[in-house]
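Asks: Here is my input, please return the structure:
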Amino acid sequence: MTAENQGGTQQRRAVKAVVPVAGLGTRFLPATKAVPKEMLPVVDRPAIQYVLEEASGAGLSDVLLVTGSGKGAIEDHFDAAPYLESRLAADGKDALLASVREATGVADVHSVRQGVPRGLGHAVLCGREHVGDEPFAVLLGDDLIDADEDLLSRMLDVQAARGASVVALLEVPADRTHLYGVAEVEATGEDGVVRITGLVEKPEPGTSPSNLAVIGRYVLQPGVFDVLARTAPGRGNEIQLTDALETLAADESIAGPVLGVVFRGRRFDTGDKLEYLKTVVTLASERDDLGPAFRTWLNDFSKTL
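Replies: Down below sits the predicted model:
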């Protein structure tokens, strides 16, 4: 695919996703000493299952997990479990059997080992052979997007219509921009879509080019792989995906423009302990089966504080 048709004409909508899951999960130690952070439960499903369900719901039927040491439980979760399934069937536990099989059938799941973690950019680069020469999505496991939102589908539509790389952006308070990659943008004339002209990874307080932070959803052109392959380690001595996207934004002849879709829906950050707990409480409260009793308990419990 040439840079010309990547840069402005209709192209095939991405159908593959890369999901990096090789991180050490140090913020949740000691819980993550032997359990991958992506497998920590959000009510009764691991966080990573929500991410793959989002991908599948947006038409991304082919998912590559970029794993590392100690992450085998993630691959096992999306594999069949014949003994467990046969026991549940024999015991007539049909609802539990269906819930177990949901994970198995969520997508066509593959995996590749990252080896030594060298940053998000390197993790994405590990997907090069599987992705090939076609656009693809990247979903980060710490960000859960409300199931009723269409963020990923909107991003894929923009990618297909404009032949662009597309980044999800979220408006954040000025005093929190230093926690994110932040985009410098200009208008495109399309509501909620901006052209990204520059990116800064975790800018120093007071130096941020905007309040639009990059969150963990990307739809990328395959040209990003060549850029990542020659991107030097940046912040934290890691290969930063933000640095590669900044290169693409500065030179559209490489792989077309870099656009941002501004997201104003609900997002849950399960990479932070307090936000993780809020996520569990929020989603449990909204469940038809758990919500009524749980909300009653929460109300009573709050009165004891």
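Asks: Just the residues contacting the longest helix along the chain, thanks.
Replies: When the chain is parsed with DSSP state H, its longest helix is helix 273-286. The contact list for helix 273-286 (CB atoms under 8 Å, 6 or more residues apart in numbering) reads 27-28, 40-43, 144, 268-270, 290-291, 294-295, 298. Quick note: C-beta positions are derived from backbone N, CA and C, even for glycine.
Asks: and with 10 Å instead?
Replies: Applying CB atoms under 10 Å, 6 or more residues apart in numbering, the contact partners of helix 273-286 are 27-28, 31, 37, 40-45, 47, 50, 142, 144, 146-147, 266-270, 272, 290-295, 298.
Asks: quick one, strands of the stretch 151-300 of the chain?
Replies: Assigned by DSSP state E, counting those that start in this stretch, the strands in the stretch 151-300 of the chain fall at 165-171, 181-187, 193-201, 212-220, 258-263, 267-269.
Asks: so what does the first one touch, helix or strand wise?
Replies: Contacts defined by 3 or more CB pairs under 10 Å, 6 or more residues apart in numbering; DSSP states H and E place strand 165-171 against strand 136-139, strand 143-145, helix 151-162, strand 181-187, strand 193-201, strand 212-220, helix 241-250, strand 258-263.
Asks: pretty sure residue 188 contacts residue 197?
Replies: No - using CB atoms under 10 Å, residue 188 is not in contact with residue 197, being 11.4 Å away.
Asks: shared neighbours of the two, anything?
Replies: residue 257.
Asks: Identify the bridge partners of the closest residue to residue 39 other than its chain neighbours.
Replies: Nearest residue to residue 39, sequence neighbours excluded (CB to CB, 6 or more residues apart in numbering): residue 46, at 4.4 Å. Legend: beta-bridge partners of residue 46 under DSSP bridges are residue 41.
Asks: Can you report how many residues lie near residue 46?
Replies: 22 (other CB atoms under 10 Å).
Asks: Surely it is in contact with residue 53?
Replies: No - counting by CB under 10 Å, residue 46 stays clear of residue 53, with 11.1 Å between them.
Asks: which residues are common contacts for the two?
Replies: Listed contacts common to residue 46 and residue 53 are residue 103; contacts here mean CB under 10 Å, 6+ apart.
Asks: Can you say which of the helices and strands packed on strand 165-171 is nearest to residue 82?
Replies: strand 136-139 (28.5 Å; CB to CB).
Asks: Now mean neighbour count too, for the helices and strands packed on strand 165-171, in TSV please.
Replies: What follows is the helices and strands packed on strand 165-171, written out as TSV (neighbours: other CB atoms under 10 Å):
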stretch	mean neighbour count
strand 136-139	25
strand 143-145	23
helix 151-162	20
strand 181-187	19
strand 193-201	20
strand 212-220	24
helix 241-250	23
strand 258-263	23
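Asks: that older thread, would you list the strands of the stretch 151-300 of the chain in a markdown table and tack on distance to residue 61 and mean pLDDT?
Replies: Below are the strands of the stretch 151-300 of the chain laid out as a markdown table (distance: least, CB to CB, whole Å; pLDDT from 0 to 100):
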| stretch | distance to residue 61 | mean pLDDT |
| --- | --- | --- |
| strand 165-171 | 19 | 96 |
| strand 181-187 | 28 | 91 |
| strand 193-201 | 25 | 91 |
| strand 212-220 | 15 | 95 |
| strand 258-263 | 21 | 96 |
| strand 267-269 | 23 | 94 |
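Asks: For residue 59, find the nearest of those.
Replies: Sorting the strands of the stretch 151-300 of the chain by CB to CB, the top spot, which is the nearest, belongs to strand 212-220 at 11.5 Å.
Asks: Output the below-cut-off pLDDT ranges for this structure.
Replies: Scanning the chain with the threshold set as pLDDT under 70 gives 1-9.
Asks: What about residue 234, how many residues nearby?
Replies: By other CB under 10 Å, 17 other residues sit near residue 234.
Asks: Quick check: it touching residue 201?
Replies: Yes - Residue 234 lies in contact with residue 201 (CB under 10 Å); the separation is 6.6 Å.
Asks: overlap in contacts of those two?
Replies: 240, 241, 242, 243, 246.
Asks: Which pair of those spans the longest distance?
Replies: 241 and 246 (9.7 Å).
Asks: which neighbours do these two share?
Replies: 181, 199, 201, 227, 231, 234.
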